[in-house]
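Asker: quick one, fold the following:
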Amino acid sequence: MAITHFITHHFHLNEQADPAVHRRESELAVDDLTETLAMDLKRAYLSRVNRQHGQFSEGESAGLADGLEGLLQEKISFVEFSEQVANQLLCLLKDQEIELRGHLVLFQEQQFDQQALYLFIVNQRIATRINEQQEVEPVLTLDMGASLMAIKVDLTQWRSDEGGAYLSLTASRAGKGGATLLEQLAGFSEGIDKAAVTRDFLERIELFSQKLPEEQVNAYRNQVVSYCMEQDLQDEPVEITGLAKVVEGVDPSIFSSYLADNLPSGNSKLLLDRKSLQRYVKFAGREKDLAISFSSYQLNKRIHYQADTDTLSITGLPKMLRSQLLGHVKE
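Answerer: Numbers count the residues shown, from 1 in each chain. Take a look at the predicted model:
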């Protein structure tokens, strides 16, 4: 990736315990440190399964759209744009009485002919280190865990007027109010129900599997899910033609035509839900002292479920589990 702009602003509480911001007046130089930070932030963002995708609200004056228009038309600088965002965030923090001790990080990325803007709200946390005197001391660091909030705008897709989900965000998983704050800051609307889209998609995938030899079905399912999961980890949509090329043992043209003709959305690019994809090839559940996980391929083969008695029967245990059980019986 090539970062073209990078800046941060520091948020804290003033003497009256109200949200305040210390604005940086110039961009940071793009070097190894800023590139490493950008990569770490992107990695944390891509690891989230709760990413929402949508578009800017129509006629939304408080979101990012107006400022981005000015930035891309070179009416304002990147620093000026970042100050607008910082001011909007400060107002939202005050209105919603949310405390933030951390940083607003914005950077713009260019990859070939694709442009994207990333915005992160990163809290600080106290860690420890051993200093040169071999003493343990506290140190402030960035929390890229549950409290992280992020917005991504695919600038190329947005400017192309093709529509689609060019705006995505992920709210904090720690505390309440983060989702509302982030949606208002972005001017977010028209969120995609990825779980529903994935359900329709997997129904068509399963119907197509009935046309395949039984010995090929398991590999087919795994290849579909593997490709779709990889696309999600890159925050990219699943393209039907791309999927057709990686699934072995099926005619790409027949497969892609079948999906294109049968998907309700009629869209050849799909944003899918990672959890739903995982459940398609794997059943899993846990409670207190019991955890069970197995491939969906084993259902009605080695594993059988009787709904009336809520009983799961397993024929042929894994070697390690069988060894443990036999050892326990002997004791």
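
Asker: any stretches of the stretch 51-200 of the chain with poor pLDDT?
Answerer: 59-62, 161-163, 174-177, 190 (pLDDT under 70).

Asker: mind listing the strands for it?
Answerer: Secondary structure of the stretch 51-200 of the chain (DSSP state E, counting those that start in this stretch): strands located at 52-56, 102-111, 114-130, 136-143, 149-154, 167-170, 188-189.

Asker: with the stretch 201-331 of the chain instead?
Answerer: Along the stretch 201-331 of the chain, counting by DSSP E, counting those that start in this stretch, strands occupy 238-239, 269-270, 282-287, 290-295, 303-306, 311-314.

Asker: who does the first one pair up with?
Answerer: I take that to be strand 238-239. If you go by DSSP bridges, strand 238-239 pairs up with strand 269-270 (antiparallel).

Asker: what about the partner strand, distance to the chain center?
Answerer: 16 Å (C-alpha atoms, centre = their mean, to the nearest Å).

Asker: what does that strand rub up against?
Answerer: Here strand 269-270 makes contact (C-beta atoms under 8 Å, 6 or more residues apart in numbering) with 164, 197, 198, 201, 237, 238, 239, 240, 263. Glycine gets a C-beta too; all of them are placed from N, C-alpha and C.

Asker: of all those, which comes closest to residue 157?
Answerer: The nearest member of those to residue 157, counting by C-beta to C-beta, is residue 164 at 6.0 Å.

Asker: contacts only, for the residue nearest to residue 253 when sequence neighbours are not counted.
Answerer: Among residues not flanking residue 253 along the chain, residue 244 sits closest, at 7.5 Å (C-beta to C-beta, 6 or more residues apart in numbering). Neighbouring residues of residue 244 by C-beta under 8 Å, 6+ apart: 250, 252, 253, 255, 256, 259.

Asker: change it to 10 Å
Answerer: 227, 250, 251, 252, 253, 254, 255, 256, 257, 258, 259, 260 (C-beta atoms under 10 Å, 6 or more residues apart in numbering).

Asker: now residue 248: closest residue in space, sequence neighbours ignored.
Answerer: Using C-beta to C-beta, 6+ apart and skipping residues adjacent in sequence, the residue nearest residue 248 is residue 223, 6.4 Å away.

Asker: burial of the one you found, as a residue count?
Answerer: 16 (other C-beta atoms under 10 Å).

Asker: what's the answer for residue 87, then?
Answerer: Considering only other C-beta under 10 Å, residue 87 is surrounded by 13 other residues.
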